[in-house]
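J.: task: produce atomic coordinates for the following.
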Amino acid sequence: MIIVSSLSLLTIINGLFLKKKYKCKLIFEIRDIWPLTIVEEEKFSKYNPFVQFLSLIEYIGYRYLDAIVGMMPNLIENVDNIVRYNVFG
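T.: Below you'll find the predicted structure:
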């Protein structure tokens, strides 16, 4: 079992690589919703190339994880919307 934390969203790349290499489950601990945080708090445009890149990484991570751990309200609904509707930013 691999557990990845969202302290940096880019850690999901390592988690996906290790999941495939060791053929095990991937659990994603979500502490902060990236890139939504920088769009809402820092007023980055959702069309900013960096935000679009993070959105793609977020989608890929959510799409291929086995479980989610997090304490944020409405977390499951947010993840479901991103995966179901392919929302990138």
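J.: show me where pLDDT drops low in this protein?
T.: Applying pLDDT under 70 to the chain picks out residues 7, 86-89.
J.: the spatially most central residue of it and Ile82, how far apart?
T.: The chain has Glu58 as the residue nearest its centroid, 3.3 Å off, counting by Cα atoms, centre = their mean. As judged by Cβ to Cβ, to the nearest Å, Glu58 and Ile82 stand 6 Å apart. Yep, even glycine has a C-beta here, placed from its N, CA and C like the rest.
J.: doesn't Asp80 make contact with Arg63?
T.: No - the criterion here is Cβ atoms under 8 Å, and Arg63 misses it with Asp80 at 11.3 Å.
J.: shared neighbours of the two, which are they?
T.: By Cβ atoms under 8 Å, 6 or more residues apart in numbering, Arg63 and Asp80 have no common neighbours.
J.: now the lengthiest helix in the chain: how far from the chain's centre is it?
T.: Using DSSP state H, we find that the single longest helix of the chain is helix 49-64. Computed by Cα atoms, centre = their mean, to the nearest Å, the chain-centroid distance of helix 49-64 equals 6 Å.
J.: which parts of this structure are strands?
T.: 2-5, 26-30, 67-70 (DSSP state E).
J.: quick one: residues contacting Leu10.
T.: Applying Cβ under 8 Å, 6+ apart, we find Leu10 in contact with Ile57.
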